[in-house]
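In: Compute the structure for the input listed below.
(one chain, ligands or ions: 1)
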Amino acid sequence: MSKTIIGDAVANIPWEDRPSGCSDVMWRYSKNPIIGWNPIPPAARIFNSAVLPFRGGFAGVFRADQKNGRPQLYVGFSDDALNWKIKHERLAWVDPAGAPSPTSYAYDPRVTLLDSRYYITWCDDFPGPAIGLGVTDDFERFTRLERPLMPFNRNGVLFPRKIGDAYVMLSRPSDSGHTPFGDIVLSHSPDLVHWGRHRMVMRSGGEGWWQGLKIGAGPVPIETKEGWLLIYHGVSAPCNGYVYSFGAALLDLDDPSKVRYRTRDYLLTPEKPYETVGFVPNVCFPCATLHDAASGRIAIYYGAADTYTAVAFSQVDELLAYLKQNSQL
Ligand code: BMA
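Out: Okay, here's the model as predicted:
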């Protein structure tokens, strides 16, 4: 039993114990990847996707790179969060008046359960990359809301509750291309429409070269007794292209612009063939977690090589202890 995560007990999340001989604080699912090439007729690759508990099972909003090369969002459901039935028609947005509001492209979704509704953030076309925001109650009807922030920006991640009197969102201001820079910024809103009181949270760099080029928020932060547990991606730039790894940070519960701990070393970096070989080699990009407040188990969902969907595991008390001992702000 663990009492560290503040949230629901979700006993049926995927889980595997740490393999024997492994001493890492995060380890991969032995049957990775869980989604491979050409998973549904319209899509070549499904990765960088968001899943969460829904009606006793699980629902997901998936980034699917279609065969015309453009990413769009698709919806799926699962009983065990490992075997997914993904619809073959893309997610159909409507505007608040009910008129169709299609995206020209859409990628890297996160889904946040907030005020009993499911809010989706993704990288939308402003034109040019900007944060999209939409909401659903049932994963059938999806309503687009005002885009929260000006372009260019990616990796918008909403916190799962108001903090003080404000909704809170992390994002990473960027350029319109592959962005050779990037820090994590936090913004506040009284109503999910007007955003301000922007704060710097964490900058790229530090001792760890794995996060030397840019960093960006990953899954929705997990509320724990000790702070908000944020898994984030960090990027380094060796001579033949970017490498995406991930680490974790603990943000202050009342003011998450304050970083209490931050991993010096990566928690997971491209090593396995499904991470090092694919459409974009050497990418591990986390977009969601499933977590069980009763056991403290966390399943991390990440895109691998912009091709596959993969899962890793960690236990919250072990991860927080590791974070405190191996932190470098
Ligand atoms: C980033 C985003 C991610 C992608 C990564 C590696 O800029 O576009 O969707 O996984 O690059 O290609």
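In: count of neighbours near Arg55?
Out: The tally of other residues near Arg55 (other C-beta atoms under 10 Å) stands at 9. No exception for glycine: its C-beta is placed from N, CA and C like everyone else's.
In: and the stretch 51-200 of the chain, which residues reach the ligand?
Out: Residues of the stretch 51-200 of the chain lying close to the ligand by C-beta under 6 Å from any ligand atom are 107-108, 178.
In: Only whichever of those are buried, select them in ChimeraX.
Out: Buried residues among these (16 or more other C-beta atoms under 10 Å), as a ChimeraX selection:
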select :107,108
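In: Now, the residues of the stretch 51-200 of the chain next to the ligand that are in strands?
Out: Members of these lying in strands (criterion: DSSP state E): 107-108.
In: Reformat the residues of the stretch 51-200 of the chain next to the ligand as CSV; add distance to Ile13 and pLDDT.
Out: Putting these into CSV (distance: C-beta to C-beta, whole Å; pLDDT from 0 to 100) gives the following:
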residue, distance to Ile13, pLDDT
Tyr107, 25, 98
Asp108, 22, 98
His178, 33, 94
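In: What sits closest to Pro180 if chain neighbours are left out?
Out: Closest residue to Pro180 apart from its sequence neighbours, by C-beta to C-beta, 6 or more residues apart in numbering: Leu213 at 6.3 Å.
In: Please apply the same query to Gly206.
Out: Nearest one to Gly206, counting by C-beta to C-beta, 6+ apart, is Gln328 at 5.8 Å.
In: What of Pro100?
Out: Spatially, and ignoring its direct neighbours in sequence, Pro100 is nearest to Val94 (6.0 Å; C-beta to C-beta, 6+ apart).
In: which residues in the stretch 101-250 of the chain form strands?
Out: With strands called from DSSP state E, counting those that start in this stretch, the stretch 101-250 of the chain shows them at 107-114, 117-125, 129-136, 142-144, 153-158, 167-173, 184-189, 196-202, 214-217, 222-224, 227-236, 243-251.
In: what's the most buried one of those strands?
Out: Among these, ranked by average contacts under mean count of other C-beta atoms under 10 Å, first place goes to strand 214-217 (a mean of 27).
In: what lines up beside it in the sheet?
Out: Next to strand 214-217 in the sheet, as set by DSSP bridges, lie strand 227-236 (antiparallel).
In: Close to the ligand: what parts of the stretch 201-329 of the chain are there?
Out: For the stretch 201-329 of the chain, the contact set with the ligand under C-beta under 6 Å from any ligand atom comprises 244, 280, 283, 285, 303, 306.
In: Reformat these into a markdown table and put distance to Pro71, pLDDT and secondary structure next to each item.
Out: Converted to a markdown table, these look like this (distance: C-beta to C-beta, whole Å; pLDDT from 0 to 100; DSSP: H, G, I helix; E, B strand; the rest coil):
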| residue | distance to Pro71 | pLDDT | secondary structure |
| --- | --- | --- | --- |
| Tyr244 | 16 | 98 | strand |
| Val280 | 12 | 98 | coil |
| Val283 | 14 | 98 | strand |
| Phe285 | 13 | 98 | strand |
| Gly303 | 11 | 98 | strand |
| Asp306 | 10 | 98 | coil |
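In: Of the residues you listed, which is the most crowded?
Out: Using other C-beta under 10 Å as the neighbour criterion, Gly303 leads these with 29 neighbours.
In: Just to check, that one is in contact with Ser49?
Out: Yes: the pair Gly303 / Ser49 is scored as a contact, 7.0 Å apart, by C-beta atoms under 8 Å.
In: which residues are common contacts for these two?
Out: Common contacts of Gly303 and Ser49 (C-beta atoms under 8 Å, 6 or more residues apart in numbering): 63, 287, 309.
In: Leaving out the residues flanking it, which one is nearest to Leu329?
Out: Closest residue to Leu329 apart from its sequence neighbours, by C-beta to C-beta, 6+ apart: Arg262 at 5.5 Å.
In: do the same with His198
Out: Setting aside the residues directly before and after it, His198 is nearest to Ser187 in space (C-beta to C-beta, 6+ apart), at 5.0 Å.
In: same deal with Phe285?
Out: Gly303 (4.3 Å).
In: Pull out the buried residues from the helix ranked longest in the chain.
Out: When the chain is parsed with DSSP state H, its longest helix is helix 316-325. Residues of helix 316-325 classed as buried: 316, 319-320, 322-323 (neighbour count, 16+ other C-beta under 10 Å).
In: separation between the residue nearest the centre of the chain and Ile86?
Out: Geometric centre of the chain, nearest residue: Cys287, 1.9 Å, by C-alpha atoms, centre = their mean. According to C-beta to C-beta, to the nearest Å, Cys287 and Ile86 sit 15 Å apart.
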